[in-house]
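Visitor: Sharing a model that was predicted from the sequence below.
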Amino acid sequence: MSVPLHFEHVGKRFGETIVLSDVHFSTEPGELVVLVGPSGCGKSTLMRLVAGLETLSEGTIRAGDRVLDHVPPQDRDVGMVFQSYALYPHITVRDNLAFPLFVKKVAPDVTAKEVQRVAEMLSLVPLLDRLPKQLSGGQRQRVAIGRCLVRKPDIYCFDEPLSNLDAALRSQIRVELKALQRELGKTTIYVTHDQVEAMTMADRIVVLHKGVVQQVGPPEELYLRPNNRFVARFIGTPAMNLIAGTIDANRFIGGSIGAAVAAPREGKVLLGVRPEHVLVRAAGRFEGTVRGIEPVGEAGYLHLAVDGLEVDTSAAGTSSEPTKKGLLCASVPGRDAFAHREGDVVRFDLAEDRLVLFDPDGGERLG
Amino acid sequence: MKKRVVVYVVVHAILLFASAVVLYPVLWVVRLAVSPSGRLTEAGALPIPREVSLESFESFVFAEDFYGRPIFFIQLGNSLLVSGAATIVGLIFALSAAYGFSRFAFPLKNVGMRTMLVSQMFPAVVTAVPLLFLLDVLGLFGTTAGLVLIYATTSVPFSIWMLKGYFDVIPRDLDESARLDGASSWIIFTRILLPLVRPGIGLTALFSFMSAYNEFIMASVFLDDVTRYTLPVTLQQSVGGFDPSWGLFAAGSLLLSLPVVAVFFFVQRQMVEGMTAGAVKG
């Protein structure tokens, strides 16, 4: 049976340091929720609170109707896959998989059967008699997941499970993990600092920054309608362009750029526009000079200097790939990117139905 | 090229000299042990014997007491028994304490660790009188068990420090993972951590075995029966009288060091095994 998780005003302090404050959201049963944020945002701590490896300072965590706050880790029915995999290096894969059942004093024949079942499920059968050091990174990871599966927990926790794998393997295991999660249908908390991983895996994403939840929602919502400047910059690669300007009679003006927007107020704002919503075309109304080109294969990014344009980069410190200072990032098809040269003058439009406005001081979304 | 040769020669000259400084006294002991008379008065600067004879070894090994008992073998047995037992008893306490100090948070933890360090700073003689009193009260004075108790307790603080270091480097993830699986502290200790600190156990065992095996002061204070003596006591007595028998002393010293060398080789293999056993991640 799958249970939902409820976080109710959860707070965690280590001495004077506040790691999490007022975390409040719920998951659906069987949902894969990704906790994402830069290093030190409290995402791992939140997961450890679920597992019972840390104690709450404030609030309550419930699994369905069950309050978990004072339940010891082993009685929570929470399985966790550690970033380091935490395989016991001195015993074989078989014994690693059997360990949770050994601890529970399950009969040896039942244990053997269960280990076999999980090993078959994860294609670990030929590896059962090896030691962890004789396995590749990906295989170790499967063993760690297998050890978790053997216990049949109600809730799964994954702490950056892909961070020790190389890029090719990572995308493969990402798909496998998601398929496995669907098959199990158990509520899963997945921690990562990689927003691409978050976008591809999550049913819903929780963005954390400095211990505070910034936004909870499905990937699409976070991408298209970020709650604030931080989410706008953190989700998406390259990050969203934030253009400083003013609103006057439902029209945004920033440097040489103007766009019709449905604005709830007048005055100074930041206009958020994704690189793919900067439409580079010959008939475009605006003009920019190419200052940088990043062809990445199927797409490419042009970094444009636009007359009088102030592109805000103040919240970019935490993003993996900040917009080049003062330059507007535009996404173009890959072969077009190869055709451009630095110094070229290009024309572009903004996709006006895709624009988002933010308060330049507080950073929250307007409207 | 030329510079490299010079460096090579200089470095090796220094190393050879250092080796000579270290080996010289040992060679002297060997020389004394194999000299027929075993007298210091015949000494020259070079530790090369004029004649070789195993007389001293023979008289040390086959020495008998007034009742014709093979005193060397009895005392060797005592030494091995006392050191072995002290090592095992000390390790049992040190392992569980080191696990506690490494893995649990409790009041005065750091004070405890430091206090143990301080206790190591006093010379052994200082504690001789209170220990004598204690052993007397316990009825263990002059017994092998008493000596085992003393050696075990004196080795515990150092062993805890050493073993704690080995426990500290084992990732906490392993404990936490096991705890989530429902393992008790005892299971985590015995099934997960102990096998992983094996190299540390080997090294600590070697140290506490050696210090007990070589210990002289306590043994000479607490033992009064020749058949309970450990070898260092006998060794000292062979040069203690009016007619110091240096040949006997030298032969005895070499024999005394053999078991330690043997233990070292055994433990060394374990240590290397431990080092190559592979990291937890990687």
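Guide: That came in fine, so what should we check first?
Visitor: Contacts only, for the residue nearest to B:Gly165 when sequence neighbours are not counted.
Guide: Counting by Cβ to Cβ, 6 or more residues apart in numbering or on different chains, B:Gly165 lies nearest to B:Gly200, which is 7.3 Å off, once chain neighbours are set aside. Yep, even glycine has a C-beta here, placed from its N, CA and C like the rest. Each residue near B:Gly200 by Cβ atoms under 8 Å, 6 or more residues apart in numbering or on different chains is listed here: B:162-163, B:165-167, B:274.
Visitor: Which single one of these is nearest to A:Met80?
Guide: Lowest distance from A:Met80 to the contacts of B:Gly200 (Cβ to Cβ) belongs to B:Phe167, with 21.9 Å.
Visitor: Around the closest one, how many other residues sit close by?
Guide: 21 (other Cβ atoms under 10 Å in any protein chain shown).
Visitor: and if you look at A:Arg285?
Guide: For A:Arg285, the count of nearby residues is 13 (other Cβ under 10 Å).
Visitor: For it, give its distance to A:Ala259.
Guide: 9 Å (Cβ to Cβ, to the nearest Å).
Visitor: So the closest residue to chain A within the stretch 1-150 of chain B: helix, strand or coil?
Guide: At 11.9 Å from chain A, B:Ala105 is the closest residue in the stretch 1-150 of chain B, using Cβ to the nearest Cβ. For B:Ala105, the assignment made with DSSP: H, G, I helix; E, B strand; the rest coil gives coil.
Visitor: That one: what's it in contact with?
Guide: Neighbour list for B:Ala105: empty [criterion: Cβ under 8 Å, 6+ apart].
Visitor: Surely A:Ala144 is in contact with A:Leu87?
Guide: Yes. Taking contacts as Cβ atoms under 8 Å, A:Ala144 lies within contact range of A:Leu87: 6.2 Å.
Visitor: secondary structure element for residue 118?
Guide: Assuming you mean chain A. Applying DSSP states H and E as the criterion places A:Val118 in helix A:108-121.
Visitor: my bad, chain B
Guide: Here B:Val118 is assigned to helix B:109-119, by DSSP H and E.
Visitor: How about that helix, which residues are buried there?
Guide: Neighbour-count burial for helix B:109-119 flags B:Met116 (criterion: 16 or more other Cβ atoms under 10 Å in any protein chain shown).
Visitor: Next, count neighbours for the one residue in the stretch 101-250 of chain A that gets nearest to chain B.
Guide: Proximity of the stretch 101-250 of chain A to chain B (Cβ to the nearest Cβ) peaks at A:Lys133, 3.4 Å away. Counted with other Cβ under 10 Å, residues neighbouring A:Lys133 total 16.
Visitor: Wasn't it part of a strand?
Guide: No. Counting by three-state DSSP, A:Lys133 is not found in a strand; it is helix.
Visitor: B:Trp161 is in contact with B:Met113, correct?
Guide: Yes. The pair B:Met113 and B:Trp161 qualifies as a contact (Cβ under 8 Å) at a distance of 7.4 Å.
Visitor: Grab the most central residue of chain A for me.
Guide: Central residue of chain A (Cα atoms, centre = their mean): A:Ala198, 2.9 Å from the mean position.
Visitor: What is the helix or strand where it lies packed up against?
Guide: For A:Ala198, the element it lies in under DSSP H and E is helix A:195-201. Judged by 3 or more Cβ pairs under 8 Å, 6 or more residues apart in numbering or on different chains; DSSP states H and E, helix A:195-201 is in contact with strand A:32-36, helix A:167-184, helix A:219-224.
Visitor: okay, the angle between the second one and strand A:32-36?
Guide: So the one you mean is helix A:167-184. 140 degrees (axes from the mean of the first three to the mean of the last three Cα atoms, to 10 degrees).
Visitor: so after helix A:167-184, what's the next helix or strand?
Guide: Past helix A:167-184, the next helix or strand by DSSP H and E is strand A:187-192.
Visitor: Strand partners (parallel or antiparallel) of that following strand?
Guide: Applying DSSP bridges to the sheet, strand A:187-192 is found paired with strand A:32-36 (parallel), strand A:155-159 (parallel).
Visitor: Redo those as CSV? Include distance to B:Met218 and mean neighbour count.
Guide: Listed next are those as CSV, based on distance: least, Cβ to Cβ, whole Å; neighbours: other Cβ atoms under 10 Å in any protein chain shown:
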stretch, distance to B:Met218, mean neighbour count
strand A:32-36, 59, 25
strand A:155-159, 52, 24
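Visitor: As JSON lines, those strands with mean pLDDT would be great.
Guide: Shown next, in JSON lines, are the strands paired with strand A:187-192 (pLDDT from 0 to 100):
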{"stretch": "strand A:32-36", "mean pLDDT": "95"}
{"stretch": "strand A:155-159", "mean pLDDT": "94"}
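Visitor: Which of these sits closest to B:Glu64?
Guide: strand A:155-159 (69.7 Å).
Visitor: how is chain B carved up into domains?
Guide: B:2-53, B:71-276 (automatic domain parsing).
Visitor: helix/strand/coil for the closest residue to B:Lys109 other than its chain neighbours?
Guide: Using Cβ to Cβ, 6+ apart and skipping the chain neighbours, the partner closest in space to B:Lys109 is B:Phe101 (6.5 Å). At B:Phe101 the chain is in helix, as set by three-state DSSP.
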